[in-house]
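> A structural model of the following input is requested.
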Amino acid sequence: MVKRLRIPVPAQGLHEITDAIAEVVLGAGLTEGLCTIFLRHTSASLTIQENADPSARHDLESWFNRLVPENDPHFTHTDEGPDDMPSHIKAALTSTSLSIPVIDGRLGLGTWQGIFLWEHRRTRSSREILIHLR
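Predicted structure coming up:
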């Protein structure tokens, strides 16, 4: 089974999508298997990260913004603004797909783990995710 989700993204940053993915898994009636999530974009990514303390996400975003700053004079791919090339680099350093076991009909995430869509662009957008269950 493959399900498409369109996720509205208000701004740059880590946006938790765990509940949306868990709802698809629950609706599929799968008791045991694998949930693969694929993001169909090159300037955003997916990650599993702590979902209890927002300071962990803030620190991670701050660190990545220092690692790949905007307005680097070496970047030539800047047609869509100063966040254009940094967003592609951040996506390349992270991941566009995740695989999570399904156990007893639920995602096999740990206690403090959540699934996040990591928007690397500054502008508001909508991102498409494919969820494959088997």
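
> next helix or strand past the helix or strand harbouring Val102?
Assigning secondary structure by DSSP states H and E places Val102 in strand 97-103. Under the assignment DSSP H and E, the closest C-terminal helix or strand after strand 97-103 is strand 106-107.

> and the contacts of that next one?
Strand 106-107 is contacted by residues Thr18, Ile21, Ala22, Val25, Leu26, Cys35, Ile100, Pro101, Ile115 when judged by CB atoms under 8 Å, 6 or more residues apart in numbering. Just so you know, the C-beta spots here come from the backbone N, C-alpha and C atoms, and that holds for glycine as well.

> same thing but at 10 Å, please
Here strand 106-107 makes contact (CB atoms under 10 Å, 6 or more residues apart in numbering) with 18, 21-22, 24-26, 30-31, 35, 37, 100-101, 113-115.

> partner strands of it and their direction?
Under the criterion DSSP bridges, strand 106-107 sits next to strand 97-103 (antiparallel) in its sheet.

> how distant is the biggest helix by length in the chain from the center of its chain?
If each helix of the chain is counted by residues according to DSSP state H, the longest one is helix 54-67. Relative to its chain's centre, helix 54-67 lies at 14 Å (CA atoms, centre = their mean, to the nearest Å).

> now do stretch 46-60
11 Å.

> again with stretch 112-123
Put simply, stretch 112-123 sits 4 Å off its chain's centre (CA atoms, centre = their mean).

> buried ones in that stretch?
Counting neighbours by 16 or more other CB atoms under 10 Å, one finds that the buried residues in stretch 112-123 are Gln113, Gly114, Ile115, Phe116, Leu117, Trp118, Glu119, His120, Arg121.
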